[in-house]
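> Show me the folded form of this:
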Amino acid sequence: MKFLKPLTVIATAIPLALTGCVTDPVTGQQSASKTAMYGLGGAAVCGIVGALTHGGKGARNSALACGAVGAGIGGYMDYQEKKLRQSLANTNIEVERQGNQIKLVMPENVTFATGSAALSGQAQSALSAAAQTLVQYPDTTLTINGHTDNTGNDAINEPLSRNRAESVATFLQSRGVSSTRLSTFGYGSRQPIASNATVEGRAQNRRVEILINPDQRAIDAAKKQM
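Numbering: from 1, shown residues only. So this is what the prediction gives:
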């Protein structure tokens, strides 16, 4: 019956995790706190691992430790997400959240002219606002990915997508974001998010994405709070 003990840990964690809720600063809607949800997920997984390796006591200790780390990082990303949503409201730059990753999606029509890697004035204004938050939350890495539609060929699209990603990175550096946090990639048309068969789909595929993830310092800081 030892294998049932992780369920006890998870069941104990559920009511604790679900007590947190946050209000979206843009929409005013309340939802379950991401901090609580991510802490719960970490506790559940680590509880199972602990049970398999150390028995019931290991399950409880592992769940508590990993839940605390997950909640700490989740909270750090929660605050950063809120500020980014506030600063990027009405810019047409999308802020998405998946686990402890924040994604900024910058469509071409507000970022670059067709065939160009020069940032528009609108994009510079939005990135300046985003950079203020990114500087305030330095314990993250930023992966900047450029994408195009399938018009033309990869000999043109891949360098263009890479140059656009580098333009975003260079601008963020000029606004105080450390270059050590930044990495850039150009994928051309290889990672579409919509059909290239329509005008609307191709427009969605022409984009730059900024993936914001907690770095090792954020993980270490969360561990110290345990």
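
> Show me where the chain dips below the pLDDT cut-off.
1-71, 222, 225-226 (pLDDT under 70).

> what are the ranges of the strands in it?
21-23, 30-32, 94-98, 101-107, 140-147, 182-186, 207-214 (DSSP state E).

> Can you add distance to N153 and mean neighbour count and give those back as JSON lines?
Bear in mind the C-beta positions are built from the backbone N, C-alpha and C, glycine included. Formatted as JSON lines, these follow (distance: least, Cβ to Cβ, whole Å; neighbours: other Cβ atoms under 10 Å):
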{"stretch": "strand 21-23", "distance to N153": "46", "mean neighbour count": "13"}
{"stretch": "strand 30-32", "distance to N153": "44", "mean neighbour count": "12"}
{"stretch": "strand 94-98", "distance to N153": "28", "mean neighbour count": "14"}
{"stretch": "strand 101-107", "distance to N153": "22", "mean neighbour count": "19"}
{"stretch": "strand 140-147", "distance to N153": "15", "mean neighbour count": "22"}
{"stretch": "strand 182-186", "distance to N153": "14", "mean neighbour count": "18"}
{"stretch": "strand 207-214", "distance to N153": "19", "mean neighbour count": "22"}
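
> Could you point out which of those sits nearest A123?
Closest of the strands of the chain to A123 is strand 101-107, at 6.7 Å (criterion: Cβ to Cβ).

> what's the closest one in contact with?
77, 80-81, 84, 88, 92-97, 123, 126, 130, 168, 203-204, 206-213 (Cβ atoms under 8 Å, 6 or more residues apart in numbering).

> Tell me which strands that strand pairs with, and in which orientation.
strand 94-98 (antiparallel), strand 207-214 (antiparallel) (DSSP bridges).

> Against G72, how distant is D78?
Applying Cβ to Cβ, to the nearest Å, the value for D78 to G72 is 11 Å.

> got it, and M106?
Applying Cβ to Cβ, the value for M106 to G72 is 29 Å.

> Give me the distance between the nearest residue to V110 once chain neighbours are set aside and N205.
Spatially, and ignoring its direct neighbours in sequence, V110 is nearest to N92 (4.7 Å; Cβ to Cβ, 6 or more residues apart in numbering). Noted for N92: a distance of 16 Å to N205, by Cβ to Cβ.
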